[in-house]
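S.K.: Take a look and give me a structure for this.
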Amino acid sequence: MGAISAHADVSPLEAGILAAAHLGMARNSRDFAKQAEIAHALVIRACVDLGELKGLIMLERRGDRSQRVFFQLSGAGRTLIEAALAARTE
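M.R.: Numbering: from 1, shown residues only. Sure, this is the predicted structure:
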């Protein structure tokens, strides 16, 4: 995740969300929060920042009761992941 943070202005939590989306480990905020053992509210806030402010994920929908945010990598997010992976192999 450090490679992702080095290529963009993202926090370690945001880098984790991007990596999980890339690897197919989590497609929503609740699943990621459970896997990372972190408060769901913090993950929601990070997802909103990644989607609305940084454009690195696309926010697909939001659950009514749980406020769960469903997401996937945007084109910019995929480009960031590819750049981080390429830098690791150089």
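
S.K.: Let me see the ranges of the strands in this protein.
M.R.: Taking DSSP state E, the strands of the chain run over residues 57-62, 69-73.

S.K.: Throw those into a markdown table and include mean pLDDT, thanks.
M.R.: A markdown table is the format used below for those (pLDDT from 0 to 100):
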| stretch | mean pLDDT |
| --- | --- |
| strand 57-62 | 89 |
| strand 69-73 | 95 |
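
S.K.: For Pro12, which of those strands is the nearest?
M.R.: Closest approach to Pro12 among the strands of the chain is made by strand 57-62 (15.9 Å; Cβ to Cβ). No exception for glycine: its C-beta is placed from N, CA and C like everyone else's.

S.K.: In the closest one, which residues are buried?
M.R.: 57-59, 62 (16 or more other Cβ atoms under 10 Å).

S.K.: in terms of contact count, name the helices or strands touching that strand.
M.R.: Packed against strand 57-62 by the contact rule (3 or more Cβ pairs under 8 Å, 6 or more residues apart in numbering; DSSP states H and E) you find helix 12-23, helix 40-48, strand 69-73.

S.K.: In a markdown table, list the strands of the chain along with distance to Ala87.
M.R.: Shown next, in a markdown table, are those (distance: least, Cβ to Cβ, whole Å):
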| stretch | distance to Ala87 |
| --- | --- |
| strand 57-62 | 20 |
| strand 69-73 | 18 |
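
S.K.: Ok, which of those comes nearest Lys34?
M.R.: strand 69-73 (13.8 Å).

S.K.: can you give me the angle the closest one makes with helix 12-23?
M.R.: Interaxial angle, strand 69-73 versus helix 12-23 (axes from the mean of the first three to the mean of the last three Cα atoms, to 10 degrees): 70 degrees.

S.K.: circling back to that earlier point, out of the strands of the chain, which gets nearest to His40?
M.R.: Closest among those, using Cβ to Cβ: strand 69-73, at 9.5 Å.
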